[in-house]
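S.K.: With the input below, show me the fold.
(chains A and B)
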Amino acid sequence: MSTTAVTTPSRLRVPRWAVPAGIAVLFAVAYLVFRGTGTLPHDKSAPQFLALTDLREWIDDHRNSNPLFLYFLNYIRIFVGSVYTAFQVGLYALGWPGLIGVMGALAWLAGGWRIALLALAGVGSFGVLGLWQSSVDTLALVAASVLLSLAIGIPLGVWAGLSPRVRRAIMPVLDVMQIMPTFAYLAPLVLFFHIGAPAGAIATMIYSIPPAIRITALAIEQVSPTAVEASSSLGATGRQTLFKVYLPLARSTMALAVNQTIMMALSMVVIANLISAPGLGGDIIRGLSRAQVGIMLPAGIAIVIMAVVLDRMLVALARKNPHHRIGGARLIPAAVLAAAGLALTPLLPAEWPEGWTVNFVVQVNDAVHWAETSWYGVTTFVKDVTTSLLLNPLEDLLTSAPWWLIAAAALLLAWCVSGVRPALTALGCLLAIALLGIWEHAMQTLTTVAVAVLVTLVIGLLLGVAAARSSRYSAVQRPILDAAQTMPAFVYLLPALALFETTRFTAIFASVIYAVPPVVRLVEDGIRAVPATVVEAAAAAGSTSGQLLWKVQLPMARRAILLAANQGIVMTLAMVVVGGLVGAGALGYDVVVGFSQRTDFGMGFVAGIATVLLGVMLDRITQGADRRPSPQRRKTT
Amino acid sequence: MKIRLLAGLLALGLAAAGCGGAKVEEPSSSAAPKAQGSASSAGTVKIAINPWVGYEASANVVAYLLKNELHYDVQLPEIKEQLAWEGFETGDVDVIIENWGHPDLAKKFIEEKKVALSAGSTGNKGVIGWYVPKWMADKYPDITDWKNLNKYASLFKTSESGGKGQLLDGDPSYVTNDEALVKNLKLDFKVVTGGSEAALLKSATQAQEQKKALLFYFWTPHWLFDKVDLVRVNLPPYTQGCDSDPKKVACDYAELDLDKIVSKKFADTGGKAYDLVKNFSWTNEDQNAVANDMTNAGMTGEQAAKKWVEANTAKWQAWIPK
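M.R.: Residues are numbered from 1 along each chain as shown, chains lettered A, B, ... in the order given. The predicted model follows:
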């Protein structure tokens, strides 16, 4: 596309749109001619699926005799399992008053009485919601996996921060890990670590390590070189420089790494329930399988509360002045809180008293039922129109087109947007999906993702532009976006399920509300970053505000918008796959089936790999935003 | 230096491990939750919860008796059928209270691995089948023969069934041959998974009330048959062994004698709790009553179990070990 812009003066004038339009026509003709040929229909009992299922059976039979398991993998499992058990036993041993008191005390140390109050109320609410045991299990699982993640992630991050070579080696791996949908981790883990809490903790660790490494590396890199030079010129050893200069200076950014790790862990522990990990995920799955939002909602609230409490505690910790020692002003009330809690433990009943719980299952179910029946017309209309006008035709197109045509289209698109190398990677991913034998389902998932991304971008752009143009509106929207981004992905299934039952549209709805907040934010920031002088110049030249937006602000924010698209796509894919639990079908459903039916394990495993490939492909197609200079910008500068 | 350290650590690790290596079954998971139980607890029993209400009814009644008569702590983790069998091996599950066949898993976990065993029948007879609402059978009398299903396929089309008729299935973890049946009987249908028992119940109720067409997977024992009139579609009759190859199945589901499966460890060390589980046996009507209370009377599992226990003392007292 950009080539036309550059070469037009020298040749006969071809309109800018002619080449893309010609290519589109070419594809349309090719589709009509070859439609229905070269399709790769799904075969549940493809040999590669069966081979993987057999492998799993073999591993299950030899888990206790094969040396690799006996001397290596089982130890990891047992080690992680015992860390989890230690936390679990510890947390239960505190008793519920003790745990509330200790959490309050920690929060007071971290950030004063306000945070302490939040922590007391938050931890207490687990009991009020009637979810004390599940919440403590989840807390233990999060604590175990975060601790282990940090034990691995921080040293690696420090190493990557100090050595550019290590960084170059690690970063591409982290890139892929971060666009991997949560579901993709589970199957290989079952293979190596069986099911249960240890496997759940390991899955959570793998998911939450990348941000720990990445942010730690960033924190170390950002340490001012003058400080490092000063230290080494004063004769400090490498070790001293690390512990006395790097780590203290990188401290507040590293607290962010801890924070991110916890947030990632919280969104994973729920999904880990699919492989029998204990905790709140069980209550959410219970609600899903009874289709009762009333059961899911308290568990969802408990997870959000846990996220908010831990988030605020760590943010407060990060903001604190490192040179300011914790004085009696904080130590005393914290000690009093902890002591009071622990002292109450033997006095109060061992289990949270039933009279203190608030049970609103019936009310929520009634409310949902009311919404279902009274909005039935609207929700069904929206669902049916989207399904019949967008989803079904697009799915039909993608599944009936020859695979090579789709591969060619993806190659061309990635080439135009991002350049040669990303295009080849994208092509490689598509071919691998075809070879794995899961093409049809991948195309169905792609359809769902495409529709969801479309809706996300439209809403995201509208809200982002609105926020960029009105500071007052932005001030209202920001806190909502902040809150939305703290919530684990799973929570978004709730309203979607309440309104749309189990269909593909449900997953689309959930992924739209999941992915809109970051898109809005990126778009708003992008437009706000357009230099004021440019905007003023355009306004002085007599542009209307509409012209200003379309001709100046949006084109100049192109990079930010493409980045928003990239983010939106990656997040949407993750959610659409989780949507397999609520009727999204295709790859996500294959993964779910892979866990619930042993004979389909292989298919679920392959579907997990395919989601990763799909994620990498979509990411490569859109990531060009950062690298390629945009034609518009070339013109304006 | 680093390498030497690593080698040292490795040697240490191996030494600590002895020569045995580590096996998967570690007792840790069953010991942990005891911490929160009362001091007088006789132990903890973990009954897996499979996702259908009849199962939950049985589990809750057994759990209620274990708690209140024998003073055990009971955990009811949400674990689906096949994963629950694996839970016997990892120690995550002690009891599956209502097992639907699963000969392959029985072979693997009972015969080969010897980590589980059957604790006898629950007294319930389980039958899976395909059903249509009664109004359809009245209007199209020959629809109850599978041979005529293709004739009516267009009635069952939905937005999710891709131009074919829809056969609605339940939870992805349920025992089902439906995909193979559709294929082998050459039916112009697509299996659409509703995702849960609740989705099936909702669709069945709507199908009766709004006279919508519906062909769906369902089973007895279930309270739904007392509320909604359903007619079973006759598939080619079941004969012994016709379902032995899951890919070639072309016959109806067998009538199953539902049984209880327990972990070997629980059978050996479960004491009275194991005896109670072994003795537990009731009728389809009993289960339907409890399940109905749980679904339609807004009761929790515990409340519904309490109600049944209080009304049927004679029945459950026979289960309590002396």
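
S.K.: which residues sit in contact with the residue most central in space within chain B?
M.R.: Centroid check for chain B by CA atoms, centre = their mean gives B:Asn50 as the closest residue, at 4.5 Å. Taking CB atoms under 8 Å, 6 or more residues apart in numbering or on different chains, we find B:Asn50 in contact with B:79-81, B:84, B:96, B:98, B:173. Every residue, glycine included, has its C-beta placed from N, CA and C.

S.K.: Could you list which of those also contact chain A?
M.R.: B:79-81, B:173 (CB under 8 Å from any CB of the partner chain).

S.K.: Okay, and which of those residues map to helices?
M.R.: Under the assignment DSSP state H, these contribute B:Glu81 to helices.

S.K.: Closest one to chain A out of the ones next to chain A among the contacts of B:Asn50, please.
M.R.: Using CB to the nearest CB, B:Ser173 comes nearest to chain A of the ones next to chain A among the contacts of B:Asn50, at 3.3 Å.

S.K.: tell me the contacts of the closest residue to that closest one other than its chain neighbours?
M.R.: Leaving out its chain neighbours, the residue that sits closest to B:Ser173 by CB to CB, 6 or more residues apart in numbering or on different chains is A:Ser596, at 3.3 Å. Going by CB under 8 Å, 6+ apart, A:Ser596 touches B:80-83, B:171-173.

S.K.: so how far is B:Ala48 from A:Ser596?
M.R.: Between A:Ser596 and B:Ala48 the distance is 13 Å, computed by CB to CB, to the nearest Å.

S.K.: My reading is that B:Lys125 is in a strand; is that accurate?
M.R.: Yes. Assignment of B:Lys125 by DSSP: H, G, I helix; E, B strand; the rest coil places it within a strand.

S.K.: Please, which helix or strand holds A:Ala432?
M.R.: Element membership of A:Ala432 [criterion: DSSP states H and E] is helix A:420-436.

S.K.: residues in contact with that helix?
M.R.: A:40, A:48, A:403, A:406-407, A:410-412, A:414-415, A:439, A:442, A:606, A:609-610, A:613-614, A:616-617, A:620-621, A:623-624.

S.K.: check contacts around A:Glu221.
M.R.: A:Gly161.

S.K.: Would you list the buried entries among the contacts of helix A:420-436?
M.R.: A:40, A:48, A:403, A:406-407, A:410-411, A:414-415, A:439, A:442, A:606, A:609-610, A:613-614, A:616-617, A:620-621, A:623-624 (16 or more other CB atoms under 10 Å in any protein chain shown).

S.K.: taking these one by one, which sit in helices?
M.R.: Filtering those for helices - DSSP H - leaves A:48, A:403, A:406-407, A:410-411, A:414-415, A:439, A:442, A:606, A:609-610, A:613-614, A:616-617, A:620-621, A:624.

S.K.: Provide the count of other residues in contact range of A:Ser267.
M.R.: Neighbour count of A:Ser267, defined by other CB atoms under 10 Å in any protein chain shown: 21.

S.K.: residues of the one helix or strand it maps to that come out buried?
M.R.: Under the criterion of DSSP H and E, A:Ser267 resides in helix A:251-271. Buried residues in helix A:251-271, counting neighbours by 16+ other CB under 10 Å, are found at A:252-271.
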